[in-house]
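Undergrad: have a look at this prediction, sequence included:
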Amino acid sequence: YDFVPIQLRDEFVWRPARALQITLGLDCGVEWYRARARLPDIFGIEPGQGPPLCMQETLEVNSSGWNWFPGVFLETELRPVDGLRLIPGIRFDIDDEGRYAVIEPRINVRYEVVEGTTLKAGVGLYSQSPGPQESSDDTGNPDLRIQRAWHYGLGVEQDITDNISISVDLFYKNLDRLVRGTDDEVMRDGELVAENFDNDSEGRIYGAEILARYEPDEWFFGWIAVTVLRSERRQPGRDWTSSEFDQILNLTLLGSVDLGAGWNVGLRFRV
(Lines give C-alpha, C1' and ligand atoms only; values in the text may rest on other atoms or scores of the structure.)
Protein backbone atom coordinates (compact mmCIF):
# COMPACT_ATOMS: atom_id res chain seq x y z
CA TYR A 1 0.00 0.00 0.00
CA ASP A 2 1.62 3.23 -1.19
CA PHE A 3 0.17 6.66 -0.56
CA VAL A 4 1.13 10.32 -0.80
CA PRO A 5 -0.82 12.52 1.66
CA ILE A 6 -1.14 16.29 1.19
CA GLN A 7 -2.58 18.40 4.01
CA LEU A 8 -3.76 22.00 3.65
CA ARG A 9 -4.63 24.04 6.73
CA ASP A 10 -5.02 27.78 6.96
CA GLU A 11 -6.73 30.24 9.31
CA PHE A 12 -8.05 33.76 8.94
CA VAL A 13 -8.29 35.59 12.26
CA TRP A 14 -10.30 38.78 12.66
CA ARG A 15 -10.61 40.78 15.89
CA PRO A 16 -13.33 43.42 15.40
CA ALA A 17 -13.34 44.33 19.10
CA ARG A 18 -11.23 43.75 22.20
CA ALA A 19 -13.73 41.20 23.55
CA LEU A 20 -14.40 39.41 20.25
CA GLN A 21 -12.23 37.28 17.97
CA ILE A 22 -13.44 35.31 14.95
CA THR A 23 -11.41 32.53 13.31
CA LEU A 24 -12.34 31.03 9.93
CA GLY A 25 -10.34 27.96 9.00
CA LEU A 26 -9.77 25.50 6.20
CA ASP A 27 -8.56 21.96 6.96
CA CYS A 28 -8.45 19.67 3.91
CA GLY A 29 -6.58 16.53 2.94
CA VAL A 30 -5.85 15.01 -0.47
CA GLU A 31 -4.26 11.59 -0.87
CA TRP A 32 -3.08 9.52 -3.82
CA TYR A 33 -2.92 5.81 -3.12
CA ARG A 34 -2.05 2.51 -4.78
CA ALA A 35 -3.11 -0.78 -3.22
CA ARG A 36 -2.02 -4.22 -4.39
CA ALA A 37 -2.66 -7.41 -2.42
CA ARG A 38 -3.16 -11.13 -2.74
CA LEU A 39 -4.07 -12.67 0.60
CA PRO A 40 -6.72 -14.72 2.45
CA ASP A 41 -10.03 -12.85 2.63
CA ILE A 42 -9.96 -12.00 6.33
CA PHE A 43 -11.73 -8.64 6.05
CA GLY A 44 -14.82 -8.45 8.20
CA ILE A 45 -13.78 -11.39 10.41
CA GLU A 46 -13.15 -10.71 14.09
CA PRO A 47 -9.83 -11.93 15.55
CA GLY A 48 -10.14 -15.55 16.61
CA GLN A 49 -13.33 -16.08 14.62
CA GLY A 50 -13.99 -17.89 11.35
CA PRO A 51 -12.11 -20.79 9.74
CA PRO A 52 -8.28 -21.02 9.61
CA LEU A 53 -6.42 -18.79 7.14
CA CYS A 54 -5.61 -21.74 4.87
CA MET A 55 -9.35 -22.32 4.34
CA GLN A 56 -10.20 -18.72 3.42
CA GLU A 57 -10.88 -17.72 -0.16
CA THR A 58 -8.10 -15.74 -1.84
CA LEU A 59 -8.70 -12.02 -2.31
CA GLU A 60 -6.85 -10.07 -4.99
CA VAL A 61 -6.75 -6.25 -5.04
CA ASN A 62 -5.08 -3.99 -7.59
CA SER A 63 -6.37 -0.42 -7.46
CA SER A 64 -5.23 3.18 -7.29
CA GLY A 65 -6.85 6.58 -7.11
CA TRP A 66 -7.42 9.72 -5.08
CA ASN A 67 -9.09 10.37 -1.74
CA TRP A 68 -10.10 13.83 -0.54
CA PHE A 69 -11.26 15.04 2.87
CA PRO A 70 -12.62 18.61 2.80
CA GLY A 71 -13.29 20.45 6.05
CA VAL A 72 -13.96 24.02 7.20
CA PHE A 73 -14.41 25.43 10.71
CA LEU A 74 -15.52 28.63 12.40
CA GLU A 75 -14.51 29.60 15.93
CA THR A 76 -15.42 32.64 18.00
CA GLU A 77 -13.77 33.82 21.21
CA LEU A 78 -15.90 35.98 23.48
CA ARG A 79 -14.76 37.77 26.65
CA PRO A 80 -18.00 39.17 28.13
CA VAL A 81 -16.43 39.85 31.55
CA ASP A 82 -12.92 39.93 32.95
CA GLY A 83 -11.46 36.46 33.39
CA LEU A 84 -14.13 34.65 31.34
CA ARG A 85 -13.45 33.25 27.87
CA LEU A 86 -16.18 31.56 25.84
CA ILE A 87 -14.94 29.75 22.73
CA PRO A 88 -17.85 28.33 20.69
CA GLY A 89 -17.12 26.80 17.32
CA ILE A 90 -18.47 24.63 14.56
CA ARG A 91 -16.82 22.37 11.99
CA PHE A 92 -18.17 20.99 8.72
CA ASP A 93 -16.72 17.81 7.20
CA ILE A 94 -17.61 15.68 4.16
CA ASP A 95 -16.58 12.06 3.76
CA ASP A 96 -14.29 10.90 0.96
CA GLU A 97 -17.10 9.96 -1.45
CA GLY A 98 -19.14 13.10 -0.74
CA ARG A 99 -22.11 11.06 0.47
CA TYR A 100 -22.21 12.11 4.10
CA ALA A 101 -21.74 15.49 5.73
CA VAL A 102 -21.11 16.04 9.44
CA ILE A 103 -21.72 19.24 11.41
CA GLU A 104 -19.70 19.30 14.63
CA PRO A 105 -20.59 21.92 17.28
CA ARG A 106 -18.06 22.57 20.04
CA ILE A 107 -17.63 24.95 22.96
CA ASN A 108 -14.87 25.55 25.48
CA VAL A 109 -15.13 27.74 28.58
CA ARG A 110 -12.28 29.14 30.69
CA TYR A 111 -12.80 31.23 33.81
CA GLU A 112 -10.02 32.66 35.95
CA VAL A 113 -11.53 32.56 39.45
CA VAL A 114 -8.58 34.35 41.02
CA GLU A 115 -5.25 35.31 39.54
CA GLY A 116 -3.41 32.11 38.66
CA THR A 117 -6.37 29.75 39.11
CA THR A 118 -8.48 28.86 36.07
CA LEU A 119 -11.49 26.57 35.78
CA LYS A 120 -12.15 25.04 32.35
CA ALA A 121 -14.82 22.92 30.70
CA GLY A 122 -15.64 21.80 27.19
CA VAL A 123 -17.95 19.67 25.09
CA GLY A 124 -17.79 18.92 21.38
CA LEU A 125 -18.61 16.52 18.60
CA TYR A 126 -15.77 14.98 16.58
CA SER A 127 -15.83 12.57 13.65
CA GLN A 128 -13.56 10.21 11.72
CA SER A 129 -14.01 8.51 8.37
CA PRO A 130 -13.62 4.72 8.15
CA GLY A 131 -10.24 3.37 7.09
CA PRO A 132 -9.61 2.89 3.35
CA GLN A 133 -9.69 -0.91 3.66
CA GLU A 134 -12.99 -0.68 5.55
CA SER A 135 -14.83 1.44 2.97
CA SER A 136 -13.20 -0.09 -0.13
CA ASP A 137 -15.41 -1.77 -2.72
CA ASP A 138 -12.93 -4.68 -2.78
CA THR A 139 -12.31 -5.36 0.90
CA GLY A 140 -14.94 -3.43 2.85
CA ASN A 141 -18.33 -1.78 2.80
CA PRO A 142 -18.72 1.35 0.62
CA ASP A 143 -21.93 2.25 2.51
CA LEU A 144 -20.22 2.87 5.86
CA ARG A 145 -21.04 6.12 7.64
CA ILE A 146 -18.68 8.52 9.42
CA GLN A 147 -17.81 7.52 13.00
CA ARG A 148 -18.70 10.01 15.76
CA ALA A 149 -17.53 10.86 19.28
CA TRP A 150 -18.85 13.32 21.86
CA HIS A 151 -16.03 14.68 24.05
CA TYR A 152 -16.63 16.10 27.55
CA GLY A 153 -13.95 17.70 29.70
CA LEU A 154 -13.68 19.41 33.09
CA GLY A 155 -10.52 20.69 34.74
CA VAL A 156 -8.58 23.26 36.74
CA GLU A 157 -5.22 24.95 36.13
CA GLN A 158 -3.01 26.45 38.82
CA ASP A 159 0.03 28.67 38.23
CA ILE A 160 2.84 27.85 40.68
CA THR A 161 5.41 30.34 39.37
CA ASP A 162 5.70 32.48 36.26
CA ASN A 163 6.90 29.41 34.33
CA ILE A 164 5.43 26.41 36.18
CA SER A 165 1.77 25.38 36.16
CA ILE A 166 -0.19 22.28 37.15
CA SER A 167 -3.50 21.16 35.68
CA VAL A 168 -5.92 18.37 36.57
CA ASP A 169 -8.44 17.24 33.95
CA LEU A 170 -11.32 14.76 33.90
CA PHE A 171 -12.60 13.52 30.55
CA TYR A 172 -15.28 11.29 29.08
CA LYS A 173 -15.87 10.34 25.44
CA ASN A 174 -18.95 8.64 24.05
CA LEU A 175 -18.35 6.98 20.66
CA ASP A 176 -20.99 5.62 18.31
CA ARG A 177 -21.29 4.35 14.74
CA LEU A 178 -17.91 2.65 15.18
CA VAL A 179 -16.82 0.29 12.43
CA ARG A 180 -16.70 -3.41 13.28
CA GLY A 181 -16.16 -6.60 11.29
CA THR A 182 -19.20 -8.71 10.40
CA ASP A 183 -19.89 -11.90 8.48
CA ASP A 184 -23.38 -10.75 7.41
CA GLU A 185 -24.40 -10.52 3.76
CA VAL A 186 -26.28 -7.64 2.09
CA MET A 187 -27.85 -6.87 -1.26
CA ARG A 188 -25.72 -4.42 -3.26
CA ASP A 189 -26.40 -3.58 -6.91
CA GLY A 190 -28.82 -6.50 -7.10
CA GLU A 191 -26.25 -9.03 -5.86
CA LEU A 192 -25.90 -10.74 -2.47
CA VAL A 193 -22.39 -9.91 -1.24
CA ALA A 194 -20.40 -9.97 2.01
CA GLU A 195 -20.98 -6.84 4.10
CA ASN A 196 -17.53 -7.17 5.74
CA PHE A 197 -17.98 -4.13 8.01
CA ASP A 198 -20.86 -2.18 9.57
CA ASN A 199 -21.36 0.76 11.97
CA ASP A 200 -22.98 -1.20 14.82
CA SER A 201 -20.26 -0.89 17.48
CA GLU A 202 -20.05 1.74 20.23
CA GLY A 203 -17.40 2.84 22.69
CA ARG A 204 -16.53 4.92 25.72
CA ILE A 205 -13.32 6.42 27.07
CA TYR A 206 -12.96 7.98 30.52
CA GLY A 207 -10.21 8.98 32.89
CA ALA A 208 -8.11 11.75 34.39
CA GLU A 209 -4.81 13.47 33.72
CA ILE A 210 -2.35 15.45 35.84
CA LEU A 211 0.02 17.69 33.90
CA ALA A 212 2.96 19.68 35.28
CA ARG A 213 4.17 22.10 32.63
CA TYR A 214 7.21 24.37 32.42
CA GLU A 215 6.43 27.21 30.02
CA PRO A 216 9.10 28.11 27.44
CA ASP A 217 11.77 30.49 28.62
CA GLU A 218 15.00 31.54 26.92
CA TRP A 219 16.43 28.01 26.91
CA PHE A 220 14.05 25.32 28.22
CA PHE A 221 10.53 23.92 27.82
CA GLY A 222 9.00 20.69 29.13
CA TRP A 223 6.22 18.81 30.90
CA ILE A 224 5.38 15.71 32.91
CA ALA A 225 1.97 14.10 32.40
CA VAL A 226 0.32 11.14 34.12
CA THR A 227 -2.90 9.81 32.56
CA VAL A 228 -5.22 7.16 33.94
CA LEU A 229 -7.89 5.98 31.50
CA ARG A 230 -10.09 3.14 30.30
CA SER A 231 -11.06 2.61 26.66
CA GLU A 232 -13.90 0.16 26.07
CA ARG A 233 -16.03 -1.12 23.19
CA ARG A 234 -19.39 -2.88 23.01
CA GLN A 235 -21.12 -4.72 20.20
CA PRO A 236 -24.85 -5.46 20.02
CA GLY A 237 -25.89 -8.07 22.58
CA ARG A 238 -22.49 -8.14 24.31
CA ASP A 239 -20.88 -6.63 27.40
CA TRP A 240 -18.26 -3.89 27.48
CA THR A 241 -14.71 -5.10 26.73
CA SER A 242 -11.31 -3.38 26.70
CA SER A 243 -10.36 -1.94 23.32
CA GLU A 244 -6.96 -2.12 21.62
CA PHE A 245 -6.42 1.51 22.72
CA ASP A 246 -6.91 0.75 26.43
CA GLN A 247 -3.96 2.24 28.34
CA ILE A 248 -4.69 2.11 32.06
CA LEU A 249 -1.62 4.16 33.04
CA ASN A 250 0.37 6.44 30.75
CA LEU A 251 3.43 8.47 31.82
CA THR A 252 4.94 11.06 29.45
CA LEU A 253 8.10 13.13 29.99
CA LEU A 254 9.04 15.78 27.44
CA GLY A 255 11.76 18.40 27.31
CA SER A 256 13.42 20.73 24.80
CA VAL A 257 16.59 22.80 25.21
CA ASP A 258 17.54 25.79 23.05
CA LEU A 259 21.24 25.48 22.18
CA GLY A 260 21.36 28.82 20.39
CA ALA A 261 22.19 29.65 16.77
CA GLY A 262 18.81 28.19 15.74
CA TRP A 263 19.49 24.72 17.22
CA ASN A 264 17.18 22.84 19.59
CA VAL A 265 17.51 19.36 21.10
CA GLY A 266 14.52 17.52 22.53
CA LEU A 267 13.67 14.28 24.28
CA ARG A 268 10.38 12.47 24.82
CA PHE A 269 9.91 9.40 26.99
CA ARG A 270 6.65 7.50 27.35
CA VAL A 271 5.66 4.33 29.14
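TA: Thanks, I have the structure now. Numbers count the residues shown, from 1 in each chain.
Undergrad: just the helices in the stretch 51-200 of the chain please.
TA: 132-135 (DSSP state H, counting those that start in this stretch).
Undergrad: so where's the stretch 1-150 of the chain uncertain?
TA: In the predicted model, the stretch 1-150 of the chain carries pLDDT under 70 at residues 43-50, 96-98.
Undergrad: let's see that with 90 instead.
TA: Low-confidence segments of the stretch 1-150 of the chain, defined by pLDDT under 90: 1, 3, 17-19, 29-31, 33-70, 93-102, 128-146.
Undergrad: need the strands for the stretch 1-150 of the chain, in chain order.
TA: Applying DSSP state E, counting those that start in this stretch to the stretch 1-150 of the chain gives strands spanning 2-17, 20-40, 58-69, 71-78, 84-94, 101-114, 117-128, 147-159.
Undergrad: could you dump the ones you listed into a markdown table and include distance to Phe221 and mean neighbour count?
TA: For every residue, glycine as well, the C-beta is placed using N, CA and C. Listed next are the strands of the stretch 1-150 of the chain as a markdown table, based on distance: least, CB to CB, whole Å; neighbours: other CB atoms under 10 Å:
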| stretch | distance to Phe221 | mean neighbour count |
| --- | --- | --- |
| strand 2-17 | 23 | 10 |
| strand 20-40 | 25 | 14 |
| strand 58-69 | 32 | 12 |
| strand 71-78 | 25 | 16 |
| strand 84-94 | 23 | 17 |
| strand 101-114 | 22 | 14 |
| strand 117-128 | 20 | 16 |
| strand 147-159 | 16 | 16 |
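Undergrad: distance to Tyr214 added to the ones you listed, as JSON lines?
TA: As requested, these are exported to JSON lines (distance: least, CB to CB, whole Å):
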{"stretch": "strand 2-17", "distance to Tyr214": "27"}
{"stretch": "strand 20-40", "distance to Tyr214": "27"}
{"stretch": "strand 58-69", "distance to Tyr214": "36"}
{"stretch": "strand 71-78", "distance to Tyr214": "26"}
{"stretch": "strand 84-94", "distance to Tyr214": "23"}
{"stretch": "strand 101-114", "distance to Tyr214": "20"}
{"stretch": "strand 117-128", "distance to Tyr214": "17"}
{"stretch": "strand 147-159", "distance to Tyr214": "12"}
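Undergrad: against Pro105, how distant is Glu202?
TA: Taking CB to CB, to the nearest Å as the measure, Glu202 falls 20 Å from Pro105.
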